[in-house]
Structure formats: structure tokens, C-alpha cells
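**Q** Predicted model and sequence below, questions to follow.
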Amino acid sequence: MSSEPSKTGPVLIECDDGVDVTEAAPVPDLMAPAPTGQAMQVTAQLAARRPSRLTRWFWALVGLFVSAAVSMAAWDFATGLVARNLYLGWAVMGIGAAALLLAVMIVLKELAGLARLKRVDGLKMRAEAAVQAHEMGQARSIVDALLQFYRGREDLSWGRDSLRRQRDEVLDADALLALAEIALMAPLDKAAQREVEAAARQVAAVTALVPLALADVVAALTSNLRMIRRIAEVYGGRSGTLGSWRLFRAVMTHLVATGAVAAGDDLIGTIAGGGALAKVSRRFGEGIVNGALTARVGVAAMEVCRPLPFGEGRRPSVAGLVKRALTGLFSKER
């Protein structure tokens, strides 16, 4: 009998001392590609894409033409009714005048929303300059501007009173800005984070549970637009439809330019059970990544809409938002 070891038997490979095989990375599954968050990436590309000048002129002229045609048709219809029936014609003209008045009010509301957003942008620029300058006069000016800006917010009454009592006792610019951030921004940050978690949960659920084509893209677009609008309202922006779209494009353009919408394995790894879910069902994996990218958009929206820049250690963690929003959604732990 031959004493040579069998070539088909098990092979024992000795490891070096101190090596723990349990800490080794799992073998990648080459047959199942990792989720990429396609819905959020498509949404970001659509929002950040700026149409060409020819396209903008085309749609502007089409809008003017349609508006003129509708106006002339409505006028001819109303004057024709007046000629046929005086009372009915004047009633229709009154309805048209009321609709025109409402349209003017909507336009004025949109303009007011854009003006308020510009005011928030101005406060943010002044606050960033004060943070960099470390000058007490600028810090006091920013605190006074914030108190004036939030003077009508009942949910910040305690913070305003506390800040007024303590601001004269603080003699350091950085400490005064930190006090304003704790008194005024901390409650608003919590409310904004709840909006981010709700949007991430909704996008993840629709992506994972609705198999319809383009349903995840529509859900991501509408949920992110609504989330950014509500975050702006939390911080006092109160943007209208045009203002919300302007914020949405600004946030998405920033994320696309910085590459922050590129999904990576670390996003899935931040969620308990994320890797296992991605292997069990690609739809669930896509839902996790889309939800995580929505949370990343939400944090960027908070930075854009917040009138005071985040102090050291106060920027919310994307991983923490994703865990709170999605761990209970895709696992049995509550």
C-alpha cells in the first residue's frame, strides 16, 4: 500500500500565530452584484441636469403661446356668453376674474417664499463669516438676527428666552454661537432628522415592496422633494413649489458634484442585516441603499437650509439616521 497522502482528501493549512479567521472578510458573491441605489442615482441625475439654453427658450415660448391661446379662448367664450345671456356671461367672467386673482396670489406667495429663502442664505453667509472671524461683534449681530428671524416661533420661545438671558454673560464669540446653536438650532435639528428618517423609510419600502417599473424613481423623486421642502419649513424657509425645486436642484447638484450619490458597500454595512438582505433579495438591497442615499440627501438639505452652520460634532450622522429609519423596517427587532 502506498504511504502517499490522498490527492482528493482535505488539506490542512496552518495559520500564523495570532490570526483570527473569524475576522476575515466574507467571500464576495460574484453572481449577485451589489445594490447600487439606481433609483436615487437616476433621481439625482435628473434633478442636477441643467437643460440647455435652447431648451429653456423653447419651453418658455411654448408656455407663452399656450397661455395666450387659453386666454383668448376664455375671453371669446365669456364675451360670447354675454352676447347670448347677459347674466350667465357676467357670472362666467366673475369666475375667471376670481381664478386670475388666485393665480396672482399664488405667484406672490411663491415670490415671498423665494425672498425668505434668500434671507436664510444671507443669514448663513453672515454666520459662516462670523465663525471664521471669531469676532464678538459679528457673533452678537448674528445672534440678534436669529432672534429676530425666529421671533414668531412658539416652539422656540424657551430657547429665545434662555439665549436672551445668557448672551450678555458670554464674552467669547465661538461660545456665543455655540449657545445660539444649542438654544435655537437643536430643537429644529431633531424635527428635521425625523423628516429625513420618514423619507428614507418611505423610499426604502417602496423600492423593496413595489415591483413596478419606475415606481422607485417616482417615489424617490417625490419623497426627496417633499423632504427638502419640509426641512426648509422646519428651519423657517417656508418655500413654495418653485423654492422647493430650487432647493432640490441645489442639493442634488452639490451631491452629484462631490460624488456623494455613488453607493458603496459601507452604506449597506452600516445597517444591521443589510448585507444579508442584499443577498436574499436584490429588491431589499436596493431599498436599503436608496434609503441610505435619501438620508444622505437629507443631511445635505439640512446643511443648505440651516441658517447657522453645524458646530463641531453636531452634524447628524448618516449611519445613525439610516439605522433608526431602516433597521426596524427590514428586521424583526423593534
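**A** Nice, thanks for sending it over.
**Q** longest helix of the protein?
**A** Counting residues, the longest helix in the chain under DSSP state H turns out to be helix 86-133.
**Q** buried residues in the helix or strand hosting residue 203?
**A** For residue 203, the enclosing helix or strand under DSSP states H and E is helix 186-209. Using 16 or more other C-beta atoms under 10 Å as the test for burial, helix 186-209 gives 187-189, 192-193, 195-208. (Each C-beta comes from the backbone N, C-alpha and C, glycine too.)
**Q** Ok, stretch 165-185 next?
**A** Along stretch 165-185, these residues count as buried under the neighbour rule (16+ other C-beta under 10 Å): 167, 170, 173, 176, 177, 178, 179, 180, 181, 183, 184, 185.
**Q** Tell me which residues are up against that stretch.
**A** Counting by C-beta atoms under 8 Å, 6 or more residues apart in numbering, the neighbours of stretch 165-185 from elsewhere in the structure are 127, 130-131, 133-136, 138-140, 142-143, 146, 150, 156, 159-160, 162-163, 306, 308, 310-311, 314.
**Q** for stretch 116-127, same thing?
**A** Taking contacts as C-beta under 8 Å, 6+ apart, the residues outside stretch 116-127 that touch it are 138, 141-142, 145-146, 149, 177, 232, 235-239, 243, 246-247, 305-309.
**Q** which of the residues you listed are buried?
**A** Judged by neighbour count, with 16+ other C-beta under 10 Å as the criterion, the buried members of those are 138, 142, 145-146, 149, 177, 232, 235-239, 243, 246-247, 305-309.
**Q** neighbours of residue 313, just the number please.
**A** The local packing of residue 313 (other C-beta atoms under 10 Å) involves 5 other residues.
**Q** my bad, should have said residue 72
**A** 10.
**Q** The one 10 residues further on too?
**A** As a burial measure, the neighbour count of residue 82 was computed by other C-beta under 10 Å and equals 16.
**Q** Now it. Nearest residue, chain neighbours left out?
**A** residue 89 (3.0 Å; C-beta to C-beta, 6 or more residues apart in numbering).
**Q** Contacts only, for the one you found.
**A** Contact partners of residue 89, counting by C-beta under 8 Å, 6+ apart, are 78, 79, 80, 81, 82, 83.
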